[in-house]
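Undergrad: predicted coordinates and the sequence they were generated for:
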Amino acid sequence: MSDAYLALEDGRVVEARGRAPGRTRGELVFTTAYTGYEESLTDPSYEEQVLTFSYPLIGNYGVRSERFESDRVHPRAAIAREFTEDVVEWLDEEGIPAIDHLDTRELVTSIREEGAMKCGIAVGPDATPEDAKEELAACKGMSEHVDIGAQVSVDEAEVYEGGSAATVALVDCGAKGSIIESLCDRDATVHVLPYDATPEDVEAVDPDVLFISNGPGDPKNFEAAESLVDAYLGDLPIAGICLGQQVVANALGGSTEKMAFGHRGVNQPVRDLDSGRVVMTTQNHGYTVGEPGDRLDVTQVNVNDGTAEGLANDELDVITRQYHPEANPGPHDSLDFFDEVLDMAPDTTVATSD
Ligand SMILES: NC(=O)CC[C@H](N)C(=O)O
């Protein structure tokens with residue numbers, strides 16, 4: 001007898017050990033990151049997903065809130081070969097079901113072969129395979145979460161005073177805290193605006209740069225942010241990270257598409273087409289820019305599959321990244337992106353990056 005069941009879209013029901021109880025559902029994805037479980041579990045981009053860690057032991061250096069990227073856990077459930085007690089206690093307090101003692105190598109291989117798939121989970125002494133299947137039957141596809149921005153964004157504008165180097169309007173589509181920190185560390189003041197901010201909201205903070213954050217789900221469901229990019233193109237420098245890159249591409253006549261199983265990990269190699277330099281990057285995305293459109297150049301590509309990792313329009317002051325230059329978790333090789341963004345602001349002296 002088992003006390004945890006994972007029902008997969010391909011028809012299988014996998015038995016596991018229940019660590020934190022509950023019933024839930026979501027898109028089943030995996031990350032290959034071998035550190036940074038606190039950052040990943042609090043990354044708002046995992047909203048409505050079930051996160052499988054391919055690294056076998058998760059929790060070996062405890063749980064510290066200083067490392068959180070937001071104020072709650074975002075994946076609907078967590079899966080690992082083995083969770084430590086610290087992580088289990090945290091997930092339990094947060095009401096997030098957790099399961100372990102299953103063959104995560106096999107699970108990851110299935111996702112690689114069949115693509116990210118819907119799943120249902122039931123955990124607890126009375127859980128049955130049918131409960132997990134019921135959850136699966138009620139599971140929506142990522143693109144069907146049409147108002148997912150509302151689940152992860154601030155309700156009202158917030159300000160983070162970093163200094164007077166530049167004023168950034170950061171449209172919060174589910175922003176990681178370390179994006180705000182990376183800007184404040186460079187003496188910028190960051191106004192975090194709701195995901196559905198209007199041009200009036202942007203004008204109220206009179207920014208030097210419009211920045212579209214990372215976030216969960218399908219970028220096509222972030223129409224308000226797309227409209228802002230359209231409204232300010234050419235008037236304000238525009239930057240974006242991850243979902244932000246995708247929103248900018250859609251706004252400038254490009255297109256986005258769903259990937260088979262996405263990029264999630266801390267060692268994705270990215271080549272800068274101008275310098276030829278390759279950096280290791282942190283990634284967490286399931287959509288990608290298919291066509292950049294006529295007004296954006298692809299400046300960086302993924303070495304593994306050639307997907308667009310950086311876009312720019314130098315004349316219009318637009319610069320974006322598909323990966324996470326802020327790291328957390330992962331390598332700091334691309335922190336200079338934030339210097340490049342702030343360099344676009346008029347008349348600023350940018351503090352040196354760490
Ligand atoms: N980290 C992100 O911003 C993710 C972007 C988008 N939700 C995707 O999955 O592609």
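TA: Great, that's in hand.

Undergrad: bridged to the closest residue to Ala138 other than its chain neighbours, which residues?
TA: Closest residue to Ala138 apart from its sequence neighbours, by C-beta to C-beta, 6 or more residues apart in numbering: Arg25 at 6.0 Å. For every residue, glycine as well, the C-beta is placed using N, CA and C. On the basis of DSSP bridges, Arg25 is bridged to Gly120.

Undergrad: can you check the pLDDT for Arg25?
TA: pLDDT for Arg25: 98.

Undergrad: how much space separates it from Arg76?
TA: According to C-beta to C-beta, to the nearest Å, Arg25 stands 7 Å off from Arg76.

Undergrad: joint contacts of the two?
TA: Listed as contacting both Arg25 and Arg76 by C-beta atoms under 8 Å, 6 or more residues apart in numbering are 50, 121.

Undergrad: show me what counts as buried in the top strand by length along the chain.
TA: The residue-count maximum for a strand in the chain (DSSP state E) belongs to strand 256-272. Using 16 or more other C-beta atoms under 10 Å as the test for burial, strand 256-272 gives 256, 258-259, 261-266, 268, 270-271.

Undergrad: that strand packs against which elements?
TA: If you count contacts as 3 or more C-beta pairs under 8 Å, 6 or more residues apart in numbering; DSSP states H and E, strand 256-272 packs onto strand 22-31, helix 243-251, strand 278-289, strand 297-302, strand 308-313.

Undergrad: let's see it at 6 Å
TA: When contacts are defined as 3 or more C-beta pairs under 6 Å, 6 or more residues apart in numbering; DSSP states H and E, strand 256-272 sits against strand 278-289, strand 297-302.

Undergrad: now those as JSON lines including distance to Glu135, mean pLDDT and mean neighbour count?
TA: What follows is these, written out as JSON lines (distance: least, C-beta to C-beta, whole Å; pLDDT from 0 to 100; neighbours: other C-beta atoms under 10 Å):
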{"stretch": "strand 278-289", "distance to Glu135": "20", "mean pLDDT": "98", "mean neighbour count": "22"}
{"stretch": "strand 297-302", "distance to Glu135": "33", "mean pLDDT": "98", "mean neighbour count": "19"}
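
Undergrad: what parts of this structure come near the ligand?
TA: Applying C-beta under 6 Å from any ligand atom, we find that the chain lies next to the ligand at 45, 214-217, 242-243, 284-287.

Undergrad: closest to Tyr232 out of those?
TA: Ranked by distance to Tyr232 (C-beta to C-beta), those are led by Leu243 at 17.5 Å.

Undergrad: Throw the helices and strands packed on strand 256-272 into TSV and include distance to Asp92, thanks.
TA: Converted to TSV, those look like this (distance: least, C-beta to C-beta, whole Å):
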stretch	distance to Asp92
strand 278-289	24
strand 297-302	37
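
Undergrad: could you pull up phi and psi at the residue lying closest to Arg105 once chain neighbours are set aside?
TA: Leaving aside its chain neighbours, Arg105 sits nearest to Ser54 (7.5 Å; criterion: C-beta to C-beta, 6+ apart). The phi/psi pair for Ser54 (degrees, to the nearest 10) reads phi -80, psi -20.

Undergrad: test my guess that Ser54 contacts Thr32.
TA: Yes. Contact criterion C-beta atoms under 6 Å: Ser54 and Thr32 qualify, at 4.9 Å.

Undergrad: settle it for me: which of these two has more neighbours?
TA: Legend: neighbour count by other C-beta atoms under 10 Å for Ser54 and Thr32, higher for Ser54 (20 against 15).

Undergrad: need the contact list for that one.
TA: 30, 32, 108 (C-beta atoms under 6 Å, 6 or more residues apart in numbering).

Undergrad: apply 8 Å and report the result again.
TA: Contacts for Ser54 were tallied using C-beta under 8 Å, 6+ apart; they are 30-32, 104-105, 108.

Undergrad: now flag whichever of the residues you listed is closest to Asp147.
TA: If you rank those by distance to Asp147 using C-beta to C-beta, Thr31 comes first, at 25.4 Å.

Undergrad: I'd like to know how far that closest one sits from Gln151.
TA: Taking C-beta to C-beta as the measure, Thr31 falls 20 Å from Gln151.

Undergrad: pick out whichever of those two has more residues nearby.
TA: Thr31 (26 against 16).

Undergrad: residue contacts, the residue nearest to Ala137 when sequence neighbours are not counted?
TA: In this structure, Ala137 finds its nearest non-sequential neighbour in Gly120, 7.2 Å apart by C-beta to C-beta, 6+ apart. Contact partners of Gly120, counting by C-beta under 8 Å, 6+ apart, are 6-7, 23-25, 131-139.

Undergrad: what's the helix or strand Glu203 falls within in contact with?
TA: Glu203 belongs to helix 199-205 when assigned by DSSP states H and E. Contact with helix 199-205 is made by 157, 159, 167, 169, 191, 193-194, 210, 228, 231-232, as judged by C-beta under 8 Å, 6+ apart.

Undergrad: centre-most residue in the chain?
TA: Compute the mean C-alpha point of the chain, and by C-alpha atoms, centre = their mean the closest residue is Ser45, 3.3 Å away.

Undergrad: could you look up the SS state of it?
TA: At Ser45 the chain is in helix, as set by DSSP: H, G, I helix; E, B strand; the rest coil.
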